[in-house]
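Undergrad: after the sequence you'll find the predicted model.
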Amino acid sequence: MSIHLVHDMETLHRNILSMCAMVEDLVHRAVAELDRPDAELTHELVTRDDEIDRREVQLEEDCLKILALHQPVAVDLRRIATVMKISAELERVADLGVNISERAAGLAAGPEIAIPDKLHYMAQTALDMLHRSIDSYVEMDSVLARKVCEQDDVVDQFNREIITELIQVMHASPNLIEPAMYLFSAARHVERVADHATNIAEQVVYLVEGEIIRHRSEQHHGSVES
Amino acid sequence: MKTTPPSPSTVDAQEREKPPVLREAPVTFRLETRNLSFYYGASQALFDVSLPIRERSVTALIGPSGCGKSTFLRTLNRMNDLIDGTRHLGEVLLDGQDIYAPEIDVVKLRKRVGMVFQKSNPFPKSIFANVAFGPSLAGTRDKNELAEIVESSLRRAAIWDEVKDRLKESALNLSGGQQQRLCIARALATNPEVVLMDEPASALDPASTAHIENLIFELKENYTIVIVTHNMQQAGRVSDWTAFFYEGHLVELGETKRLFTSPRKKQTEDYITGRFG
């Protein structure tokens, strides 16, 4: 293997891991802000998001450079494709983190509303999925990746239950419609974080096993004999 | 016990879940080896190779130096017969018939299975004579017919426009890339069904290589092509199927696009990614 390709792949790997860490941290802090809204933190997260956007573009350029100069094949090619896709997913997760932070800031401005416990559980599950999907990429662990995909249904169910609960709150207390809508929106964004974590995990399965499993039914998220 | 039939919406959902039924055209193997082992004296060069070669496709043979690719290629038209002390086990089937059967006419075989070598080897004759040589030897005497064969072959080899005004000139005056295309035209002149190419572009510059690769793409419409190449990117560009050889064994055969994105064997992946070999 060309030393130039080895060097470029190692640099790419370091850069995507760095982006993973930044995005995880941003989303963690945004979710925590639901309980403790902080306008300064929201501003800080917006600035970090701009940096993440820049890194996503840089990663794409680096990937295209490797493709053009080295024409990698097999696992090296799949890794490049995976990095391109994962960086795009992470960029969207960072955007969602900013959105969650902005909803939290909106909550601070209005009447006080209890954050549903299910939203906490849902957020924890989504963050766990994001963390484990990144772990599966680092460890090249398609078994772990498939388990992450299975967790998405749990988050979807939480989302449905939270919507039902918030609708009941809005019926019972019309003065809480505005903060309830902020929570509704925040829950929606958390659910999308889980979706992106699933997409990352599906991409890891492709990287490790060479099989594209996205857009398949749940039973195909299990191991498939070739 | 009476069962409740599925509701229309369930049936619709189930139908949407099913993958579409693809009706594949029946596969024809023009050439096929079965349990082929080959020996140079006491040294075994090929081990139990069973490799089907699809009609009107390009099959690339890849692998590190000394892995048996060229030996295998030469078994397909018995060019190894020219080497003393060689023997084989197993079968090489052309349209279902073993080419090593005693009744096989090797000259006629090599008309049907032509070969192009790494180093272009035009005869020290005119361009016309090079291409007409094979058909003449086969018995074609009519001058007009020979002229038609020569033109047709040179056109199929994508070199007619470059040489049509100098057919009487020596073939040795042509550039390296032109000489190689002339050799391809010479192979095509006998109307083969299969064309074997042993690293046909390895001695050529990038522009000439591109010409040869484009030619291969055109030729596969009408011919079955087997090509040995050391150039991974070339194998990826020109071939439909790729066979990876290692130390005389066929390690993996697969559709090129699949083999170069998700090879099934670790050894194949290590080789094509440059981790060894």
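TA: Yep, it's here. Numbering: from 1, shown residues only, chains lettered A, B, ... in the order given.

Undergrad: give the contact list for residue 157.
TA: Reading this off chain A. Listed by CB atoms under 8 Å, 6 or more residues apart in numbering or on different chains, A:Gln157 has no contact partners. Using the backbone N, CA and C atoms, a C-beta is placed for each residue, glycine as well.

Undergrad: can you look at chain B instead?
TA: So B:Ala157 contacts B:Arg181, B:Leu182, B:Ile184, B:Ala185, B:Leu188, B:Leu215 (CB under 8 Å, 6+ apart).

Undergrad: could you rerun that using 6 Å?
TA: Applying CB atoms under 6 Å, 6 or more residues apart in numbering or on different chains to B:Ala157 gives the contacts B:Arg181, B:Ile184, B:Ala185.

Undergrad: kindly report the residues of chain A close to chain B.
TA: Within reach of chain B by CB under 6 Å from any CB of the partner chain, chain A has these residues: A:Met1, A:Gln71, A:Val73, A:Ala74, A:Val75, A:Asp76, A:Gly210.

Undergrad: find the nearest non-adjacent residue to the fifth one, please.
TA: Leaving out its chain neighbours, the residue that sits closest to A:Val75 by CB to CB, 6 or more residues apart in numbering or on different chains is B:Glu269, at 5.9 Å.

Undergrad: what's the PyMOL line that selects buried ones from the residues of chain A next to chain B?
TA: Remark: buried members of the residues of chain A next to chain B, expressed as a PyMOL selection using 16 or more other CB atoms under 10 Å in any protein chain shown:
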select buried, chain A and resi 73+74+75+76+210
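
Undergrad: out of the residues of chain A next to chain B, the closest to B:Leu204 would be?
TA: A:Gln71 (19.2 Å; CB to CB).

Undergrad: and the pLDDT for that closest one?
TA: pLDDT recorded at A:Gln71 is 90.

Undergrad: over to A:Glu211?
TA: In this model, A:Glu211 carries a pLDDT of 88.

Undergrad: show me where chain A has strands.
TA: Under the criterion DSSP state E, chain A carries no strands.

Undergrad: now do the contacts for the spatially closest residue to A:Asn99 that is not a sequence neighbour.
TA: Closest residue to A:Asn99 apart from its sequence neighbours, by CB to CB, 6+ apart: A:His189 at 4.8 Å. Applying CB under 6 Å, 6+ apart to A:His189 gives the contacts A:Leu96, A:Asn99, A:Ile100.

Undergrad: rerun at 10 Å
TA: A:27, A:30-31, A:93, A:95-103, A:123, A:126 (CB atoms under 10 Å, 6 or more residues apart in numbering or on different chains).

Undergrad: just A:Val155 next, same as before
TA: Counting by CB under 10 Å, 6+ apart, A:Val155 has contacts A:121-123, A:125-126, A:128-129, A:187, A:190-195, A:197-198.

Undergrad: filter those to the buried ones?
TA: The buried subset of those (16+ other CB under 10 Å) comprises A:122-123, A:125-126, A:129, A:187, A:190-195, A:197-198.

Undergrad: buried sites along the helix or strand the residue nearest to A:Val75 falls within?
TA: Element membership for B:Glu269, per DSSP states H and E: helix B:266-272. Buried residues in helix B:266-272, counted by 16+ other CB under 10 Å: B:Gln267, B:Thr268, B:Glu269, B:Asp270, B:Tyr271, B:Ile272.

Undergrad: can you give me the neighbour number for the closest residue to A:Val138 other than its chain neighbours?
TA: Excluding the flanking residues, the one nearest A:Val138 by CB to CB, 6+ apart is A:Leu17, at 6.9 Å. Using other CB atoms under 10 Å in any protein chain shown, A:Leu17 is surrounded by 13 other residues.

Undergrad: list the residues that contact A:Leu17.
TA: A:Ile134, A:Tyr137, A:Val138.

Undergrad: distance of it relative to A:Val23?
TA: Noted for A:Leu17: a distance of 11 Å to A:Val23, by CB to CB, to the nearest Å.

Undergrad: between these two, which contacts overlap?
TA: Joint contacts of A:Leu17 and A:Val23 (CB under 10 Å, 6+ apart) are A:Ile134.

Undergrad: helix, strand or coil for B:Met115?
TA: Of the three states, B:Met115 takes strand under DSSP: H, G, I helix; E, B strand; the rest coil.

Undergrad: what's across from it in the sheet?
TA: B:Leu196 (DSSP bridges).

Undergrad: can you tell me how far it is from chain A?
TA: Noted for B:Met115: a distance of 28 Å to chain A, by CB to the nearest CB, to the nearest Å.

Undergrad: is it true that A:Asp76 touches A:Leu5?
TA: Yes: A:Asp76 is in contact with A:Leu5 according to CB atoms under 10 Å; the separation is 7.1 Å.

Undergrad: can you list residues touching both of the two?
TA: Common contact partners of A:Asp76 and A:Leu5 (CB under 10 Å, 6+ apart): A:Ile66, A:His70, B:Thr273, B:Gly274.

Undergrad: count of residues packed around the residue found closest to the first one once you drop the neighbours it is linked to in the chain?
TA: Nearest in space to A:Ile66, with sequence neighbours left out and distances taken as CB to CB, 6+ apart, is A:Asp8 at 5.2 Å. Residues near A:Asp8, counting by other CB under 10 Å, number 19.

Undergrad: so who does the residue nearest to A:Arg79 when sequence neighbours are not counted touch?
TA: Take A:Arg79 and drop its neighbours on the chain: the residue closest to it by CB to CB, 6+ apart is A:Leu207, 6.1 Å away. Listed by CB under 10 Å, 6+ apart, the contact set of A:Leu207 reads A:75, A:78-83, A:85-86, A:136-137, A:140, A:142, A:145.

Undergrad: how does it look with 7 Å?
TA: By CB atoms under 7 Å, 6 or more residues apart in numbering or on different chains, A:Leu207 lies in contact with A:Arg78, A:Arg79, A:Thr82, A:Met140.
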